[in-house]
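S.K.: Coordinates only, no sequence provided:
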């Protein structure tokens, strides 16, 4: 991100700020990290990120549509160049339609907004959260490399 001249923000639900914590554990991270927004409840997703009630009602909090709105809202509210968002079911629990280990991600940046879903499975709460952090960091790396591919 530094090489690409980009600043970033995180919007996290099931990871509870773990992505931002991983980023800020790196010395000098203040050069690129604007901050992180943890929105565990739907009310916080609406009030702090601008996620629409319609998206929550239609798709549910664990959906690519909501992940996209989370990333776009975080980016717009922070002034960051890139935002990554995470919303999922770390477990235990889940349902037939939204099983444990399903995590939706989005990245919003200069190239637009892109989302995807990872099915980590019922590997345990801590493991789903760690896998989600690793995936979010890889999304941020990919976004930076698209801007500064030779870095």
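M.R.: Great, that's in hand. Keep in mind the model is a prediction, meaning the values are calculated, not measured.

S.K.: from here on, contacts and neighbour counts on C-alpha atoms
M.R.: Fine.

S.K.: what helices or strands is the helix or strand of the chain with the lowest mean pLDDT leaning on?
M.R.: In the chain, the helix or strand scored least confidently by mean pLDDT, DSSP states H and E is helix 125-147, which has a mean of 95. Packing partners of helix 125-147 (3 or more Cα pairs under 8 Å, 6 or more residues apart in numbering; DSSP states H and E): helix 18-24, strand 82-88, strand 102-109.

S.K.: Please repeat the previous calculation with a cut-off of 7 Å.
M.R.: Judged by 3 or more Cα pairs under 7 Å, 6 or more residues apart in numbering; DSSP states H and E, helix 125-147 is in contact with no other helix or strand.

S.K.: which of the residues in it are buried?
M.R.: Across helix 125-147, burial judged by 16 or more other Cα atoms under 10 Å covers 125, 127-129, 131-133, 135-137, 139-140, 143-144, 147.

S.K.: Touching, residue 66 and residue 55? I think so.
M.R.: Yes - under the criterion of Cα atoms under 7 Å, residue 66 makes contact with residue 55 at 6.3 Å.

S.K.: Tell me which of those two has more neighbours.
M.R.: More crowded of residue 66 and residue 55, by other Cα atoms under 10 Å: residue 66, with 29 against 15.

S.K.: Can you pull out the low-pLDDT segments for this structure?
M.R.: 149-151 (pLDDT under 70).
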